[in-house]
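Asker: fold the following for me, if possible:
(chains A, B, C and D)
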Number of protein chains: 2
Amino acid sequence: MTTAADSTGDRSLSQTVRAQLALRELVLQGGLNPGERVSELQMVERLGVSRTPVRMALVRLQEEGLLEAIPSGGFAVKAFSEREAFEAIEIRGTLEGLAARWAAERGVSPSRLRDAAECLDAIDDVLLRNAVEIDLSRYVALNAQFHGLLHELAGSQTLVRQLERVSALPFASPSALVTVQSRSPESRHILTMAQDQHRCVLAAIERREGSRAEAIMREHARIAHRNLERALADQRDMDLVPGSALIKRRIRA
Amino acid sequence: MTTAADSTGDRSLSQTVRAQLALRELVLQGGLNPGERVSELQMVERLGVSRTPVRMALVRLQEEGLLEAIPSGGFAVKAFSEREAFEAIEIRGTLEGLAARWAAERGVSPSRLRDAAECLDAIDDVLLRNAVEIDLSRYVALNAQFHGLLHELAGSQTLVRQLERVSALPFASPSALVTVQSRSPESRHILTMAQDQHRCVLAAIERREGSRAEAIMREHARIAHRNLERALADQRDMDLVPGSALIKRRIRA
DNA sequence: CCCGCTTGAGGTGTATACAAGCCAAGCTTG
DNA sequence: CAAGCTTGGCTTGTATACACCTCAAGCGGG
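Answerer: Below is the predicted model of the structure:
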């Protein structure tokens, strides 16, 4: 029998963690339908661990926001409305704006600024080097890295926690919607713009311009907004969005 | 034997919920020292339930932010720095600002606006009626109610979730630091000011002035900021702050 | 005298047995 | 024929047994 845990079969991890990773993957990949109850015993079969770790994983994924409690007991896969998806992006942008503001107001060490700048240099490389096609997976990785660095620049563990929480919703994370552009002719155009915002926010932080840094990051998140709109309009784009299976789409004329 | 669960002994609640409530209370009241390990078996004794619900409660309280995971396993009571406390308040203010903005931009029904206005009328009553001493517990309740209504006005379950999460840190919730003013001569002054901000934000929402509504709520949270400063300067005030036992104080000259 | 090993107590991680609850299908009865 | 009751399967909630891990104290050897 092949179990989903095989794909996450690191023996060094605890059963609970393995169950959590496998179950999250299962939900995100659409292996379970939104609204559907997640039976513990079925997960025992599919994940190959006993009920206890499965239960732990269920609770944690509920706190993460991927599941919701059923009043009579147990959990169901959460279904997100399109509106909720947009809202999550905007909340993320707001918190990232706060992070940028704090970084600017509190000041950051030159070495950390340099780290961030080097990360942006690497992104420039990706955008400029290959004239034919952009290495999107590399862009996504570097983009995630830059956002992570930015979160750290604020120097607030509390804020990082909140950001992690909102980014746990798959379509809300900073890099979630980048791939949507891959099928677009203006792809390079959009990425170049996003990268310019990266540069600007870093410059604002360096100059201690808190308000400006905040405003830029908020606007930056709006790119994801636009990408989500595009994806919702075209099912083919939608397939590129992680966790898109959780978004219950409205009927479109 | 008297157990902590006796104080939360509603038979209709599940053992897990009872354990969660009792354990949260225990942590907030300072029954456990910050940094200290929370032994499952000890909690079994103190709460009067078996290990399974205790474990569930521990996981949930970790997600809530009151506990943190120990690398080798298990959980410890989280210790907050003064800085983290301030940060949590500011994050709350930022999210409440977003809520106010959304309420203004999206518009809210007249009936809900009326509900909020009536709540404010009730607060006015508390502030104006008794000339000698203000009924603080009633003020706290109404204040919490107004903030709750405000969160709902945004019409976003996602945002409410995030707000609940940051308000789970006891000293960060909207009403946590009100009582600090009770020992201050300027108490009425501060409460009057806060109430004026309530009025202003509601007016801004009604007029669809999003930016202004947001700015007011951010500034509103700064009152809590000032109260926390006051409490940190005077241990007697500090005792009035819920969860103050979790804040590890810096040495003050 | 100091360093390293052994050992044991206490802790968590995991599996599983049992009890209680919910829901739907089917039967009974008016 | 319809409405209500009963019953059975499947679900979760809870308790507990067991195995492994960690950490520290004490002992033995260099």
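
Asker: can you tell me the SS state at A:Ala176?
Answerer: Each residue gets one of three states, and A:Ala176 gets coil by DSSP: H, G, I helix; E, B strand; the rest coil.

Asker: and A:Ser156, how many residues sit next to it?
Answerer: 24 (other C-beta atoms under 10 Å in any protein chain shown). C-beta coordinates here come from the backbone N, C-alpha and C atoms, glycine included.

Asker: wait, doesn't it sit right on A:Arg101?
Answerer: No. Contact between A:Ser156 and A:Arg101 fails when scored by C-beta atoms under 8 Å: they sit 11.0 Å apart.

Asker: now do the shared contacts for those two.
Answerer: Residues touching both A:Ser156 and A:Arg101 (C-beta atoms under 8 Å, 6 or more residues apart in numbering or on different chains): there are none.

Asker: retrieve the pLDDT associated with the closest residue to DNA strand D within the stretch 151-253 of chain A.
Answerer: At 18.8 Å from DNA strand D, A:Leu246 is the closest residue in the stretch 151-253 of chain A, using C-beta to the nearest atom of the strand. A:Leu246 carries a pLDDT value of 93.

Asker: one more: A:Arg230?
Answerer: As summarised for this prediction, A:Arg230 has a pLDDT of 89.

Asker: now do the contacts for it.
Answerer: A:Val180, A:Ser184, A:Asp237.

Asker: and the second one, how close does it get to A:Ile123?
Answerer: Counting by C-beta to C-beta, to the nearest Å, the gap between A:Ser184 and A:Ile123 amounts to 18 Å.

Asker: so between the two, which is more surrounded?
Answerer: When A:Ser184 and A:Ile123 are compared for neighbours, A:Ile123 comes out ahead with 22 against 14, by other C-beta under 10 Å.

Asker: look at A:Ser137 and say how many residues are nearby.
Answerer: 12.

Asker: confirm that it lies within a strand, as I assumed.
Answerer: No. Secondary structure of A:Ser137 (three-state DSSP): helix, not part of a strand.

Asker: coming back round to it: any idea which of the contacts of A:Arg230 is least confident?
Answerer: Among those, A:Ser184 has the lowest pLDDT, at 76.

Asker: contacts only, for that residue.
Answerer: Residues near A:Ser184 by C-beta under 8 Å, 6+ apart: A:Ile190, A:Arg230.

Asker: return the residues of the stretch 51-200 of chain A in contact with chain B.
Answerer: Proximity of the stretch 51-200 of chain A to chain B (C-beta under 8 Å from any C-beta of the partner chain) is limited to residues A:55-56, A:59-60, A:63, A:65, A:84, A:87-88, A:90-91, A:94-95, A:98, A:156-159, A:161-162, A:165-166.

Asker: among those, which are located in helices?
Answerer: Assigned to helices by DSSP state H, the following of these qualify: A:55-56, A:59-60, A:63, A:84, A:87-88, A:90-91, A:94-95, A:98, A:157-159, A:161-162, A:165-166.

Asker: and these, which are buried?
Answerer: Among those, the ones that count as buried by 16 or more other C-beta atoms under 10 Å in any protein chain shown are A:55-56, A:59-60, A:63, A:84, A:87-88, A:90-91, A:94-95, A:98, A:158-159, A:162, A:165-166.

Asker: which bits of chain A sit near DNA strand C?
Answerer: A:Ser14, A:Gln15, A:Thr16, A:Val49, A:Ser50, A:Arg51, A:Thr52, A:Pro53, A:Met56, A:Ser72, A:Gly73 (C-beta under 7 Å from any atom of the strand).

Asker: before we move on, back to that, and the residues of the stretch 51-200 of chain A next to chain B near DNA strand D, which?
Answerer: Applying C-beta under 7 Å from any atom of the strand, the subset of those adjacent to DNA strand D comprises A:Arg55.

Asker: quick one, helices of the stretch 1-150 of chain A?
Answerer: Remark: helices assigned in the stretch 1-150 of chain A by DSSP state H, counting those that start in this stretch are A:15-28, A:40-47, A:51-64, A:82-106, A:110-129, A:136-153.

Asker: the stretch 151-253 of chain A too?
Answerer: According to DSSP H, counting those that start in this stretch, the helices that the stretch 151-253 of chain A contains are A:157-167, A:187-206, A:210-233, A:235-238.

Asker: for A:Arg24, give me its contacts.
Answerer: So A:Arg24 contacts A:Leu61, A:Glu64, A:Leu66 (C-beta under 8 Å, 6+ apart).

Asker: the first one touches A:Val27, doesn't it?
Answerer: In other words, A:Leu61. Yes. The pair A:Leu61 / A:Val27 is scored as a contact, 7.1 Å apart, by C-beta under 8 Å.

Asker: shared neighbours, those two?
Answerer: Residues touching both A:Leu61 and A:Val27 (C-beta under 8 Å, 6+ apart) are A:Leu67.

Asker: what count of nearby residues applies to A:Glu82?
Answerer: By other C-beta under 10 Å, the residues close to A:Glu82 number 14.

Asker: A:Arg51 reaches A:Gln42, doesn't it?
Answerer: No. With contacts counted by C-beta under 8 Å, A:Arg51 stays clear of A:Gln42, the gap being 11.0 Å.

Asker: contacting residues for A:Gly97?
Answerer: Contact analysis of A:Gly97 by C-beta under 8 Å, 6+ apart lists A:Ala213, A:Glu214, A:Ala215, A:Ile216, A:Met217, A:Arg218.

Asker: many thanks, we can stop here.
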